[in-house]
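[1] Sequence first, then the predicted structure:
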There are 4 protein chains.
Amino acid sequence: MSGMPTAFTHRLAVRFRDCDMLGHVNNAVYFTYLEQARLAWWRHLGSGTGFPGANTVIVHASFDYRAPAFLNDELDIRVTLAGIGRTSVTLTYEVVNAATGQTLGEARTVNVTVDGSGTKTIPVPDHTRALLNGAGNPA
Amino acid sequence: MSGMPTAFTHRLAVRFRDCDMLGHVNNAVYFTYLEQARLAWWRHLGSGTGFPGANTVIVHASFDYRAPAFLNDELDIRVTLAGIGRTSVTLTYEVVNAATGQTLGEARTVNVTVDGSGTKTIPVPDHTRALLNGAGNPA
Amino acid sequence: MSGMPTAFTHRLAVRFRDCDMLGHVNNAVYFTYLEQARLAWWRHLGSGTGFPGANTVIVHASFDYRAPAFLNDELDIRVTLAGIGRTSVTLTYEVVNAATGQTLGEARTVNVTVDGSGTKTIPVPDHTRALLNGAGNPA
Amino acid sequence: MSGMPTAFTHRLAVRFRDCDMLGHVNNAVYFTYLEQARLAWWRHLGSGTGFPGANTVIVHASFDYRAPAFLNDELDIRVTLAGIGRTSVTLTYEVVNAATGQTLGEARTVNVTVDGSGTKTIPVPDHTRALLNGAGNPA
């Protein structure tokens, strides 16, 4: 998906509740999977339950569905740091069936950094840039 | 279900996301329906998004499933005030298919009133008792 | 968002379960709202619970978040037919706070038409094109 | 909770999406956790994604909430076979914080066995009784 290295990989299992009447994971649930991977990465960076060193708000999320995931599948959500702008951080994701290695989807999110009120965009702090550019887990 | 009058009826529509691989509403989702009805009743009593006149914590929830609900069904969630104890409020519910009148399930929840910390049980305030015993919507 | 007319508007209410620890509707839940609007439109076109006149699979979904939605907000999900390709149907959406008229987000989905096996892409049937190009509800 | 041995323990992690505006796991989500544990046990017994050796429908679920679970908590869902009746199987559950050993809640579900149509109750097959009474995982 990208020439950049995967920053972090989060593994999770598909729950029965994640699936819909069509018998596979519902399209909206993949955004929950992205969220889990993003938060796991940030927690790995020492930021507790939030974004490292700043408040943040999601402004964009997109997903390209390639193949379905099914009940009990184990999925690897691979997060890549695609870019840090003046006030935003762009991540790309690859969702992979952990057993077969098949890519099930590719995704992208954009977060902006905001002040304490959560409404005013602020520049990405240097501390946050340094953390995000640092090492993730071994892919 | 009870000789007591229904305090409040909340109508909602079954979403696609509420259904599971078996083609009907998932068993856990009914507790979300109860929550919606409970909150709608409390909001009707003028309490904003919370319990009228006190903080509260749920300590028990149970559901007896009689018949399935399906995509796009409109459901009436009928809430009855079953009893107010020293520190708890017990509600019973009937989930009814609005089109057919069929009872799909019966339920019960118990909430206790707590102090601002959310951890210490306190007596149900008189103001709350008066509100809950007051009139709901016309059934 | 587009020069094209809104094909269909679906109104829904934000549930407590739709909100997350940040106190507003979770980013993934908007895709459930899009799904509800899409299915309501197709049902309006006489197609029962599926796509009118063909099987379909979602291959892309994206959302641009402008402003948060909160518990009990009523939202209008406005669906526009952005285009019908040889094997795909592109819809755009605007999510609007029904009380204030504020746009909370804009979205886009792409569905492809597939054969009965659900795995082989087929051309969009003429019958489906005619239905989708027909009138929706009054905006 | 019971003098009977735990048949099966399923470990899972709390997702961000499982939590609500109050900052902890939503009351309805615990029923999804019970479902995951139940299905994991049945899968362990060799039954694929369903009940071992028969179709089944849930007719009762209840939960007694003792203490909250929070984002990223690892939980052990301990399933005990409480009893097998002529046409029903009763399970009890204990939800435990895996790190602290604290019991967060206790639960109970009743499933009835049904014929292929899913609507007519049938006796629990001998094969199913034998499987359920057999060994689970080491607690």
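    Looks like it came in fine. Numbers count the residues shown, from 1 in each chain, chains lettered A, B, ... in the order given.
[2] A:Thr80: what secondary structure?
    For A:Thr80, the assignment made with DSSP: H, G, I helix; E, B strand; the rest coil gives strand.
[3] quick one: contacts for it?
    A:1-2, A:4-7, A:91-94 (CB atoms under 8 Å, 6 or more residues apart in numbering or on different chains). C-betas here are computed from N, CA, C, even on glycine.
[4] Show the buried residues in the residues you listed.
    Buried by 16 or more other CB atoms under 10 Å in any protein chain shown: A:6-7, A:91-94, out of the contacts of A:Thr80.
[5] Turn these into TSV, columns for secondary structure.
    Rendered in TSV, the data for those read as follows (three-state DSSP):
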residue	secondary structure
A:Thr6	strand
A:Ala7	strand
A:Leu91	strand
A:Thr92	strand
A:Tyr93	strand
A:Glu94	strand
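[6] Turn those into TSV, including distance to C:Val114 and pLDDT.
    Output for these, formatted as TSV (distance: CB to CB, whole Å; pLDDT from 0 to 100):
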residue	distance to C:Val114	pLDDT
A:Thr6	31	79
A:Ala7	35	84
A:Leu91	30	97
A:Thr92	27	97
A:Tyr93	25	98
A:Glu94	23	98
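[7] Can you pull out the low-pLDDT segments for chain A?
    Scanning chain A for pLDDT under 70 picks out the ranges A:1-3, A:49, A:135-139.
[8] Quick check: which helices or strands does the longest helix seen in it pack against?
    Assignment by DSSP state H gives helix A:29-44 as the longest helix of chain A. Packing partners of helix A:29-44 (3 or more CB pairs under 8 Å, 6 or more residues apart in numbering or on different chains; DSSP states H and E): strand A:6-13, strand A:55-65, strand A:74-84, strand A:88-97, strand A:103-114.
[9] before we move on, what SS does the most far-flung residue of chain A relative to its centre have?
    Centroid-distance maximum for chain A: A:Met21 at 25.8 Å, with CA atoms, centre = their mean. Following three-state DSSP, A:Met21 is assigned to coil.
[10] for it, what are its contacts?
    B:16, B:19-21, B:23, B:71.
[11] Can you report phi and psi for it?
    Main-chain torsions, A:Met21, degrees, to the nearest 10: phi -60, psi -20.
[12] can you check the one 5 residues further on too?
    The phi/psi pair for A:Asn26 (degrees, to the nearest 10) reads phi -70, psi 150.
[13] residues near A:Ala61, how many?
    26 (other CB atoms under 10 Å in any protein chain shown).
[14] residues from chain A in reach of chain B?
    Neighbours of chain B within chain A, by CB under 8 Å from any CB of the partner chain: A:16-17, A:19-21, A:23, A:26, A:28, A:71.
[15] switch to 7 Å and redo it
    Proximity of chain A to chain B, by CB under 7 Å from any CB of the partner chain, involves residues A:16-17, A:19-21, A:23, A:26, A:28.
[16] Spell out which parts of chain A neighbour chain C.
    Selection of chain A residues close to chain C by CB under 7 Å from any CB yields A:27-28, A:31-32, A:35, A:58-65.
[17] May I see those arranged in a markdown table, with distance to B:Leu45 as well?
    Listed next are those as a markdown table, based on distance: CB to CB, whole Å:
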| residue | distance to B:Leu45 |
| --- | --- |
| A:Asn27 | 38 |
| A:Ala28 | 33 |
| A:Phe31 | 35 |
| A:Thr32 | 33 |
| A:Glu35 | 35 |
| A:Ile58 | 35 |
| A:Val59 | 37 |
| A:His60 | 40 |
| A:Ala61 | 37 |
| A:Ser62 | 42 |
| A:Phe63 | 41 |
| A:Asp64 | 47 |
| A:Tyr65 | 44 |
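[18] which one among those gets closest to chain D?
    Relative to chain D, the closest of these is A:Thr32; by CB to the nearest CB it sits at 4.6 Å.
[19] Look up how far B:Arg17 lies from the nearest residue to A:Asp20 once chain neighbours are set aside.
    Spatial nearest neighbour of A:Asp20, chain neighbours left out: A:Asn26 (4.1 Å); criterion: CB to CB, 6 or more residues apart in numbering or on different chains. As judged by CB to CB, to the nearest Å, A:Asn26 and B:Arg17 stand 6 Å apart.
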